[in-house]
Structures are given as C-alpha cells and as structure tokens.
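Student: Could you look at this predicted model? Sequence included:
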Amino acid sequence: MRYKDPKDDKTVLLGLTKLGKKAFDGHEIFHAKHDAAMMRLVSELSHDKVIFLKEIFLKMEASIDGYLEELA
C-alpha cells in the first residue's frame, strides 16, 4: 500500500496489506522457531567445527554471489 508522507509531499511511504502483514507475521514465527533450533545445534559444536562451518558458508556465499553476477 502507498501513502503520502504528511511531513513531505515528495515522499511516498509503503506499507503492507492485511495479507502481506499476515505473511510477514507467519514468516517471523517460522524464524523464531527454526532459528532457535539451529542455534541450539550450533551451540553444541566445538569451536573448531563452528569455524569450519563459517568458512564453508562464506565460500558458498561467494560462489552464489558469483553466479548472481553472471546473471546480471
């Protein structure tokens, strides 16, 4: 949804529809549940394993970023 900013005629504000708000709220609940479970799993790992995971994720991110740059 679009709104005019009452303080500035040149600014347009955006907001969620009722359905968009429902989807956003559901997404927040999903992350609250699943992120907590992931953090529990990671908290049980040794420091070396956490560092290993971080390195793997950074390499995966770089690979995906390269792929996305090729698409642009």
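Tutor: Received the coordinates, thanks. Numbering: from 1, shown residues only.

Student: drop to CA atoms for contacts and neighbour counts, all remaining ones
Tutor: Fine.

Student: looking at this structure, which helix or strand is least sure?
Tutor: Ranked by mean pLDDT, DSSP states H and E, the weakest helix or strand in the chain is strand 2-5, scoring a mean of 90.

Student: Give me the contacts around that strand.
Tutor: 11-15 (Cα atoms under 8 Å, 6 or more residues apart in numbering).

Student: and residue 70, how many neighbours?
Tutor: The number of residues packed near residue 70 is 8, by other Cα atoms under 10 Å.

Student: on that earlier part again, what are the pairing partners of the least confident helix or strand of the chain, and which direction each?
Tutor: Counting by DSSP bridges, the strands paired with strand 2-5 are strand 8-14 (antiparallel).

Student: Alpha carbons only: can I get the strand it pairs with in PDB?
Tutor: Backbone C-alpha positions of strand 8-14 (Å, rounded to 0.1, in the frame of the first residue of the first chain) are rendered in PDB as follows:
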ATOM      1  CA  ASP A   8       6.900  15.800   3.000                       C
ATOM      2  CA  ASP A   9       4.900  15.900  -0.300                       C
ATOM      3  CA  LYS A  10       7.800  14.300  -2.300                       C
ATOM      4  CA  THR A  11       8.000  11.200  -0.100                       C
ATOM      5  CA  VAL A  12       5.900   8.100  -0.600                       C
ATOM      6  CA  LEU A  13       5.500   5.600   2.200                       C
ATOM      7  CA  LEU A  14       4.900   2.000   1.700                       C
END
